[in-house]
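> model this:
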Amino acid sequence: MGGGMKAVLGEVLPCTAMVVVEGCIIGLTIMASTAIARGMSPYVFVVYTNALGSFILLLYSFFFHKDRSGGPFFTLPFFLRVFLLGFVGITMAQNLAFVGLSYSSPIVACGMANQIPAISFILGIILRTVKFNWKSTGSRARLIGSLISFTGAISLTLYKGPTIKNHSSPSILMAAVAAAPPPPPPLLVFTSVHQNWVLGCVLFAASSLTMVIWNIIQVGTMKMCSQVMKIISLYTFFGTVQSALLAILFLERDLTAWKLDLNFELLIIVLTAIFSSAIRSSIQIWCTKLKGPYFVPTFKPFGIPYASTFGSLLFPYTFHYGSIMGAFVCGVGYYTVLWGQIKDDEAYNNLDNNKNNKNNGKINSSSIDDVRVPLLEDQDSQV
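Next up is the predicted model:
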């Protein structure tokens, strides 16, 4: 009885944890969109959240990390890689994502984040790090999934469609708006007041591309040091410093934008930093160790129904059917690519086993390690 209950909990708890994590990501993304729409600079938001997050991570990794056998740590090649991880994963990816969020909507963040596996696959073919085989079911599925993902992204960018709920009568509404006093800023918003939707989508797509590059770099970094939390803490610190210098010198020179008060914006910064640094990272690492490398990526598209539900119920006058449709197409493409990669990995594993049997344990594979890299367990560019 005890063993059966333990087995059930071993299946239920990781699934529940990941569903809750994805829900929190969407909730914080909506709140971040609200803070930016209320006047907070996205560059300031990135710097402050990562500054607090890096402080939390440094404390967590150095004082509570029990495993000290992670390989050589304080080496120049390692620090150069971590510095590059911070530049690509935070300075570039997060700034692009949050500026894109100021021009679009959290549903765009969900849809474009699901482009990462497709972009990774196409980039791998171009760079010849991924072997494409027309006869392989997995390769064909990954190609078809990539095309579906790109179709969803194009639809998300170019077609918004009608809103979930239309205003009653345009003439009556215009008269009422003209006579009414200016409304107070809303507590929560789903779509930014800015109308440059296409630019927002392009920025999110660029952020996804940088996260693919980040994933390539972090694979090699993990081979140098296996202590994941230390890598995350260091590259977050470097990314914070880089983002701060870039913002102060070029992007956000207005010193008043850096002033924080005890208000909604400060609350979002603190919640985002705590969740993104310690809570989400710990849960994702725990689930990966318990269930394997494909478990965490499986839940990534769960943000789409979350965002669709929130948008439809709470923001029906600014949420569009086209956004839902495009995001769900992106999710279908994501799962198709993921399924294809799992099939390809199974094929390579079988190939390895056959070669081992034939060569009495001698491995003769070319670039299988590169192909087997799991899909990005992103350190969300969304939050």
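
> average pLDDT for the longest helix belonging to the chain?
Scanning the chain for the longest helix, with DSSP state H as the assignment, gives helix 321-358. Mean pLDDT, computed over helix 321-358, is 85.

> Make residue 1 into 35 and carry on from there
Sure, I'll start numbering at 35, so the last one becomes helix 355-392.

> Pull out the buried residues from that helix.
356-379, 381-382 (16 or more other Cβ atoms under 10 Å). The way it works is simple: take the backbone N, C-alpha and C, and place the C-beta from them, glycine included.

> helices or strands next to it in the packing?
Contacts defined by 3 or more Cβ pairs under 8 Å, 6 or more residues apart in numbering; DSSP states H and E place helix 355-392 against helix 140-147, helix 150-161, helix 171-192, helix 337-348, helix 402-405.

> any chance of these in JSON lines, with mean neighbour count too?
Converted to JSON lines, the helices and strands packed on helix 355-392 look like this (neighbours: other Cβ atoms under 10 Å):
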{"stretch": "helix 140-147", "mean neighbour count": "31"}
{"stretch": "helix 150-161", "mean neighbour count": "20"}
{"stretch": "helix 171-192", "mean neighbour count": "20"}
{"stretch": "helix 337-348", "mean neighbour count": "20"}
{"stretch": "helix 402-405", "mean neighbour count": "14"}
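
> CSV for the ones you listed, including distance to G273 and mean pLDDT?
Formatted as CSV, the helices and strands packed on helix 355-392 follow (distance: least, Cβ to Cβ, whole Å; pLDDT from 0 to 100):
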stretch, distance to G273, mean pLDDT
helix 140-147, 18, 92
helix 150-161, 18, 93
helix 171-192, 26, 94
helix 337-348, 23, 87
helix 402-405, 25, 34
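
> Now render those as TSV, adding distance to Y77.
Listed next are the helices and strands packed on helix 355-392 as TSV, based on distance: least, Cβ to Cβ, whole Å:
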stretch	distance to Y77
helix 140-147	17
helix 150-161	23
helix 171-192	24
helix 337-348	24
helix 402-405	35
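
> Now V275: closest residue in space, sequence neighbours ignored.
With sequence-adjacent residues excluded and distances taken as Cβ to Cβ, 6 or more residues apart in numbering, V275 is closest to G120, at 7.8 Å.

> Looks like that neighbour contacts S267 (just checking).
No: applying Cβ atoms under 8 Å, one finds G120 not in contact with S267, separated by 10.6 Å.

> Which residue ranges of this protein form strands?
Along the chain, no segments are classed as strands by DSSP state E.

> Lowest mean pLDDT among the helices and strands of it, which one is it?
helix 402-405 (a mean of 34; mean pLDDT, DSSP states H and E).

> Contacts only, for the spatially closest residue to V232 that is not a sequence neighbour.
In space, and not counting its chain neighbours, V232 is closest to T191: 5.7 Å by Cβ to Cβ, 6+ apart. By Cβ atoms under 8 Å, 6 or more residues apart in numbering, T191 lies in contact with 231-232, 235-236, 360.

> any idea how far T191 lies from G87?
30 Å (Cβ to Cβ, to the nearest Å).

> Also D378?
Note on D378: its distance to G87, by Cβ to Cβ, is 35 Å.

> same question, K293
Taking Cβ to Cβ, one finds K293 at 20 Å from G87.

> Those two: who's more crowded?
Each of K293 and G87 has its neighbours counted (other Cβ atoms under 10 Å); G87 has more, 27 against 8.

> check contacts around that one.
Contacts of G87 (Cβ under 8 Å, 6+ apart): 270, 306-308, 310-311.

> got it, and P76?
70, 129, 132-133, 135-136 are the contacts of P76 under Cβ under 8 Å, 6+ apart.

> List just the nearest of these to I251.
N129 (17.5 Å; Cβ to Cβ).

> My guess is that closest one contacts A278. True?
No: using Cβ under 8 Å as the test, N129 is too far from A278 to be in contact (11.3 Å).

> ok, these two, which is more surrounded?
N129 (25 against 20).

> I'd like the distance between the more buried one and F238.
From N129 over to F238 (counting by Cβ to Cβ), the distance is 12 Å.

> Can you list the low-confidence ranges for the stretch 185-334 of the chain?
201-229 (pLDDT under 70).

> What are the boundaries of the helices in it?
Along the stretch 185-334 of the chain, counting by DSSP state H, counting those that start in this stretch, helices occupy 204-213, 231-258, 262-280, 298-308, 314-325, 329-332.

> most neighbours per residue, which of those?
helix 262-280 (a mean of 23; mean count of other Cβ atoms under 10 Å).

> For it, name the packing helices and strands.
helix 76-98, helix 110-120, helix 127-137, helix 231-258, helix 314-325.

> and with 6 Å instead?
If you count contacts as 3 or more Cβ pairs under 6 Å, 6 or more residues apart in numbering; DSSP states H and E, helix 262-280 packs onto helix 76-98, helix 110-120.

> Now do the contacts for the nearest residue to L86 once chain neighbours are set aside.
Nearest in space to L86, with sequence neighbours left out and distances taken as Cβ to Cβ, 6+ apart, is A307 at 3.7 Å. The contact partners of A307, taken as Cβ atoms under 6 Å, 6 or more residues apart in numbering, are 83, 86-87.

> Make a markdown table from those and add pLDDT and distance to P140 to it.
Listed next are the contacts of A307 as a markdown table, based on pLDDT from 0 to 100; distance: Cβ to Cβ, whole Å:
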| residue | pLDDT | distance to P140 |
| --- | --- | --- |
| T83 | 96 | 16 |
| L86 | 95 | 22 |
| G87 | 93 | 20 |
